[in-house]
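K.L.:
Sequence first, then the predicted structure:
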Amino acid sequence: MTPAKPVNASPEPLDACPGQARPEGLSPPAPADGPLPMDHTQAILETTKLVAALLKRSGLPFALAGSVAAFGHGMAARFQHDTDFCVRPQDADAAIKALEEGGIEMRRAPEDWLVKGRSGGEEIDLIFELARRPVSTELLERAHVKAVDSVWMPVLAPTDLMDSRLAALCEHYCDFGDLLPMARMLREQIDWDRLDRAYRSEPLPEAFLHLLEGLRVIGYRGGARDGRVVVRDDHACGPDDRAGAREAMS
């Protein structure tokens, strides 16, 4: 008779089952007493806080950019694969030195407008040219100081954040799906008049602004008597609403 297995015995690993191999692609179980893996979102935030602390210590002007900056303004955490920081071109070497002295591995990138770093398994982009425009003192001075996961740091202003995303649109990258949630969430904080003036003659940004008109995220730009873009309180409208609004403006 086979002896009964103790109730508190640990289950046998799948590899030990006679005649049964581990399914392909299944990683071995983590040790019972080992630490749990860090959530990817939290890992990016931890790296963001480290970089911000080092740059603040250096005294160099900088601002958080990208999806983590949108999170700093209240967006849900929808991070891509890295954390982005803007510095002026003349401060790039000093910023690289400050991060390296803080234990971050930095490396030159093939692109000539940023350098890359890595810490805690997460990627860092140190950007000194945003959407083909050099990072300026004025841009950094417009940044808002925000608490990002409890650490205060300068974050690109919402209008500048949206501006950088619109300027980056091209025929090879034209994903409005990423921009629309940002426009909805930050619409009352964005200077739509400024963006309307800047991108009236740019087909792809203009197409996105036209989409925001149709969804009534912003007001109709072409017929407002005072020439201003009005932020709407509702999020969608039907054909009759659009027709009525255009008739009222004519």
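P.N.:
Looks like it arrived, so ask away.

K.L.:
Let me know the secondary structure of residue 139.
P.N.:
Three-state call for residue 139 (DSSP: H, G, I helix; E, B strand; the rest coil): helix.

K.L.:
Where do the strands of this protein begin and end?
P.N.:
Listed in chain order, the strands of the chain (DSSP state E) span 63-65, 82-86, 105-108, 114-119, 122-127, 129-130, 133-134, 144-148, 151-155.

K.L.:
what helices or strands is the last one leaning on?
P.N.:
Secondary structure elements in contact with strand 151-155, counted by 3 or more CB pairs under 8 Å, 6 or more residues apart in numbering; DSSP states H and E, are helix 40-58, strand 63-65, helix 66-72, strand 144-148. In this view, the C-beta of every residue, glycine as well, is placed from N, C-alpha and C.

K.L.:
need those in TSV with mean neighbour count, can you?
P.N.:
Below are these laid out as TSV (neighbours: other CB atoms under 10 Å):
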stretch	mean neighbour count
helix 40-58	19
strand 63-65	27
helix 66-72	24
strand 144-148	15
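
K.L.:
So for residue 179, which of the strands of the chain sits nearest?
P.N.:
Comparison of those against residue 179 by CB to CB identifies strand 63-65 as nearest, at 14.8 Å.

K.L.:
which residues touch that closest one?
P.N.:
The list of residues contacting strand 63-65 from outside it, by CB atoms under 8 Å, 6 or more residues apart in numbering, reads 48, 52, 69, 72, 83-86, 127, 130, 139-140, 143, 148, 153-156, 161, 164.

K.L.:
just to revisit the earlier point, columns mean pLDDT and distance to residue 212 on top of the strands of the chain, output as JSON lines?
P.N.:
As requested, the strands of the chain are arranged in JSON lines below (pLDDT from 0 to 100; distance: least, CB to CB, whole Å):
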{"stretch": "strand 63-65", "mean pLDDT": "97", "distance to residue 212": "22"}
{"stretch": "strand 82-86", "mean pLDDT": "95", "distance to residue 212": "24"}
{"stretch": "strand 105-108", "mean pLDDT": "92", "distance to residue 212": "38"}
{"stretch": "strand 114-119", "mean pLDDT": "94", "distance to residue 212": "29"}
{"stretch": "strand 122-127", "mean pLDDT": "95", "distance to residue 212": "26"}
{"stretch": "strand 129-130", "mean pLDDT": "90", "distance to residue 212": "22"}
{"stretch": "strand 133-134", "mean pLDDT": "92", "distance to residue 212": "23"}
{"stretch": "strand 144-148", "mean pLDDT": "97", "distance to residue 212": "22"}
{"stretch": "strand 151-155", "mean pLDDT": "97", "distance to residue 212": "22"}
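
K.L.:
Many thanks, we can stop here.
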